[in-house]
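S.K.: 3D model of this:
(chains A and B)
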Amino acid sequence: MPAFALRFALILATVLLVGCGPGPQHLYTWGDYQPTVYQYYQNEQGGPEEQIAALEKVLEQARADNRPVPPGLHAHLGLLFARGGNGGAAREQFLEEKALYPESGPYMDFLLSSKEAAR
Amino acid sequence: MKSWLSVVFAAALFALAGCAQPAPPYDYTAFTRSNPRSILVLPPLNSSPEVKAGHGVLAQVAFPLAESGYYVFPVAVVEETFVNNGLTQPDDIHAVSLEKLYDIFRADAVLYLHVREYGTRYQVVVSDTRVTLDGRLVDLRTGEQLWNGTATASSTERHSGNQGGLAGLLAQALVEQIVHSMADTTYDIAGMADNRLLHAGRSHGMLYGPRSPLYGKDSPQAK
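M.R.: Purely as a prediction, here's the structure:
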């Protein structure tokens, strides 16, 4: 009986400890988004193609999770496309960012009217 | 045996109390009134000797802010906009007027970060990789300060128990998240410092934003 109660107390303690942690459920599928942004800053590590592929993998993963991608991912992907000289694909990504996150609307419009995206 | 049992119960209660700490008062009046939805994070000032510090910190601010319910402007795209306008140094970017920032970005709030420590100190027994940063959130239309805070993360705390409450748990979660990331310890520690500084729900921390299910539920002052 004491052993039984002891086990119960231990389980209770565990539940309480776990119960106050942040839930494992995130709002967004992050994948390697942030490491890819860091990589962008360290120019020497791979060209835009590799980083574009990494972000497209996050997009795929998000579709599979049925969760949105984080704010900024589409815009960052647009930047990478612009860097690689693909203005059309860049524009598409800026429009996607604006559609998903209206908060970004005016800034995406600013980018769409700038020369990088028009290339 | 019975007294031993009560020790276990006491431990359980202690664990519960440990994470239900009432937050000491922090004045969220301006924050709540401003009610920002979107945050523009500028390239951080850096007073550490490490040149990668600013970008190491900046690359990882989106996670805590977005998961706390905010729209976070894409940091590298934003920096590119400054560079295209001849502003390459964080000092110059921090000096840009709020009016000008609002004109281009239409963000509700701007976050100014300052990296104080970033790197590894080699000591006799253990080396300590440490990142310390502070942040100040300002309403982009009124110029009013909405919140400020400071946070430190260190490699030496990874091996100890979870004495940090929610912060410790967040740090642990991050450690899991970064297992497959680059072999750049300071970058990993910077991510922990970012989470600790910017994830809502911490004592004296940021409030949850409109995109979070916890929006409006995080502080008595927020209601």
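
S.K.: what residue ranges in the chain are flagged as low confidence?
M.R.: Just going to use chain A. Chain A contains residues with pLDDT under 70 at A:1-24, A:44-46, A:115-119.

S.K.: let's do chain B instead
M.R.: B:1-24, B:124-125, B:158-183, B:219-223.

S.K.: which residue ranges form the helices in it?
M.R.: B:2-19, B:29-34, B:53-58, B:62-67, B:75-84, B:90-94, B:98-105, B:165-177, B:185-198 (DSSP state H).

S.K.: The last one packs against which elements?
M.R.: Looking back up the chat, that one is helix B:185-198. If you count contacts as 3 or more CB pairs under 8 Å, 6 or more residues apart in numbering or on different chains; DSSP states H and E, helix B:185-198 packs onto helix B:53-58, helix B:62-67, strand B:109-122, strand B:127-139, strand B:145-154, helix B:165-177. Just so you know, the C-beta spots here come from the backbone N, C-alpha and C atoms, and that holds for glycine as well.

S.K.: Output those in JSON lines; the columns should cover mean neighbour count.
M.R.: Converted to JSON lines, the helices and strands packed on helix B:185-198 look like this (neighbours: other CB atoms under 10 Å in any protein chain shown):
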{"stretch": "helix B:53-58", "mean neighbour count": "26"}
{"stretch": "helix B:62-67", "mean neighbour count": "25"}
{"stretch": "strand B:109-122", "mean neighbour count": "19"}
{"stretch": "strand B:127-139", "mean neighbour count": "21"}
{"stretch": "strand B:145-154", "mean neighbour count": "19"}
{"stretch": "helix B:165-177", "mean neighbour count": "17"}
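
S.K.: Would you format those as CSV with distance to B:A193 included?
M.R.: Conversion of the helices and strands packed on helix B:185-198 to CSV gives the following (distance: least, CB to CB, whole Å):
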stretch, distance to B:A193
helix B:53-58, 7
helix B:62-67, 10
strand B:109-122, 9
strand B:127-139, 4
strand B:145-154, 4
helix B:165-177, 9
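
S.K.: list the contacts for the spatially closest residue to B:Y187 that is not a sequence neighbour?
M.R.: Closest residue to B:Y187 apart from its sequence neighbours, by CB to CB, 6 or more residues apart in numbering or on different chains: B:G56 at 4.8 Å. Counting by CB atoms under 8 Å, 6 or more residues apart in numbering or on different chains, B:G56 touches A:Y38, B:E50, B:Y118, B:V131, B:D184, B:T186, B:Y187, B:A190.

S.K.: got it, and B:R37?
M.R.: A:E103, B:Y70, B:Y71, B:D108, B:G209, B:P210, B:R211 are the contacts of B:R37 under CB under 8 Å, 6+ apart.

S.K.: which of those residues has the most neighbours?
M.R.: Ranked by the number of neighbours (other CB atoms under 10 Å in any protein chain shown), the contacts of B:R37 place B:Y70 first, at 31 neighbours.

S.K.: residues touching the closest residue to that one other than its chain neighbours, list them.
M.R.: Leaving aside its chain neighbours, B:Y70 sits nearest to B:G209 (3.9 Å; criterion: CB to CB, 6+ apart). By CB under 8 Å, 6+ apart, the contact set of B:G209 is B:P36, B:R37, B:L65, B:S68, B:G69, B:Y70, B:Y71, B:A200, B:Y215.

S.K.: burial count for the fourth one?
M.R.: Spelled out, it's B:S68. B:S68: 26 neighbours (other CB under 10 Å).

S.K.: residues in contact with the residue lying closest to it once chain neighbours are set aside?
M.R.: Closest residue to B:S68 apart from its sequence neighbours, by CB to CB, 6+ apart: B:A200 at 3.7 Å. Residues in contact with B:A200 (CB under 8 Å, 6+ apart) are B:P64, B:S68, B:G69, B:M206, B:L207, B:Y208, B:G209, B:S212, B:L214, B:D218.

S.K.: of those, buried ones?
M.R.: With burial judged by 16 or more other CB atoms under 10 Å in any protein chain shown, the buried subset of the contacts of B:A200 is B:P64, B:S68, B:G69, B:M206, B:L207, B:Y208, B:G209, B:S212, B:D218.
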